[in-house]
Structures are given as structure tokens and as C-alpha cells.
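**Student:** Have a look; sequence and predicted model below, questions after that.
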Amino acid sequence: MPPAATQPNRARRALLRGNAPASLVRPPGAVAEALFLDRCTRCNDCIAACPEQLLVRADGGFPERDWQRGECTFCGDCIAACKSEALLPLPQQPWPWRAVIGENCLALHGVTCQSCRDVCPENAIRFRPGTATPSLDSTCCSGCGACIAVCPVAAIAASKPVSAHD
Ligand code: SF4
Ligand code: SF4
Ligand code: SF4
């Protein structure tokens, strides 16, 4: 994980390059935003429960997923810790986020880099034989965020399908 002080800079770089950093990414299992704000007591038990320390106390004291902190294993510990039904089991409230590779990807500009592929637990990122450019299969992507955290130029962003927006 990079030092906390570098995180706003990475987010700003991503924004300037057209990969808007995902905002309001609630913990796994979060109900629709309006209902979440109604139900969440800001107890932050989910933040304390995450063994990967992926969740942070953000605006208003509500929890958010910080993409720079690495890979979510979807262990469900955050959901189990939530007593107010702001977070529901994943089969009921599937994780909607998927990774998208942006134009500033080093490999698209002739620089050898396969860091995202190397960390992807779902083998969703492949470099086709004979090419040095990545291709991301969103049907295989779990939205774990491992590739987002590891990309040295913040070229990967998280995106939600239109149907999944609150
Ligand atoms: S455990 Fe539930 S109620 Fe507490 S901060 Fe997390 S989402 Fe909100
Ligand atoms: S599912 Fe597990 S690893 Fe992912 S945010 Fe929740 S507690 Fe952390
Ligand atoms: S977010 Fe998707 S593409 Fe990126 S490492 Fe996780 S599964 Fe692979």
C-alpha cells in the first residue's frame, strides 16, 4: 500500500487523465445509497472487522472502500459485523464494481508492464500473444480491486454497470 499522503495525488492524476476515481464506494453488500445513509449508524464496526484494512472512515463518518488499499477477498467479515442491515449478504446485494483500464496504461504506450495481470486472482486481464496490450474481460472480473491498487500510473478505475447505479 502506498503511504497515505500519496493517495490524493494518485486520485488527482487519475481524474486529470479522465479516469475519474470511483466515489462513494461503500463496503461490500451495501444497500442502495439513500437507504444506506438511513440505516448506517456510523459505528464503523465494518472498518474494524476488515482483515485487509480496505475500509476507511470517510465523509460524514460513513465507511467507504479505499481502492488503493488492495484486494478484497469478499470474506464477508464487514457484512457480518454490520448490525443495522446497511450491509447485506453478497448473494442478496452483489458487488457491482468492475475494473476498467484507461488510456494512460503504460503498456498502451510501449512501456513493458504487466503488473495488473500478475495480481489478478480471476485471470481477467490477459495480454494477447503477439501484442503487449492488456485486455480485461469484465465477465471474469470480480471487482476485487487488486489491479487498481497495483497499477503504477493509476490507469485502472472502478466502474459500475448502468443498471447497478442507485
Ligand atoms: S457496520 Fe454497518 S452501521 Fe456500522 S459503519 Fe459499517 S455499514 Fe455502517
Ligand atoms: S469482504 Fe472482507 S476483505 Fe472485503 S471489505 Fe469486507 S471485510 Fe474487507
Ligand atoms: S478488479 Fe477484476 S481485473 Fe482487477 S484484479 Fe480484481 S478480478 Fe482482476
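**Tutor:** Cool, got the structure. Numbers count the residues shown, from 1 in each chain. Ligands and ions are numbered 1, 2, ... in the order given.

**Student:** can you map out the strands along this protein?
**Tutor:** Using DSSP state E, the strands of the chain run over 55-57, 63-65, 98-101, 125-127, 134-136, 156-159.

**Student:** Serialize those strands to TSV and add fields for mean neighbour count.
**Tutor:** C-beta here means a position set from N, CA and C on the backbone, and glycine is covered the same way. Converted to TSV, the strands of the chain look like this (neighbours: other C-beta atoms under 10 Å):
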stretch	mean neighbour count
strand 55-57	17
strand 63-65	23
strand 98-101	20
strand 125-127	17
strand 134-136	18
strand 156-159	22
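
**Student:** List just the one of these that sits closest to ligand 1.
**Tutor:** Of all the strands of the chain, it is strand 63-65 that lies closest to ligand 1, at 4.8 Å by C-beta to the nearest ligand atom.

**Student:** Let me see the mean pLDDT of the closest one.
**Tutor:** Strand 63-65 shows an average pLDDT of 98 in the prediction.

**Student:** swap in stretch 77-96?
**Tutor:** 97.

**Student:** which residues touch it?
**Tutor:** With contacts defined as C-beta atoms under 8 Å, 6 or more residues apart in numbering, stretch 77-96 is touched by 26-31, 35-36, 39-41, 43, 45-51, 55, 63, 72, 74, 76, 142-143, 160-161, 164.

**Student:** Report whether that stretch contacts ligand 3.
**Tutor:** No - Stretch 77-96 is not in contact with ligand 3 by C-beta under 6 Å from any ligand atom; minimum separation 10.1 Å.
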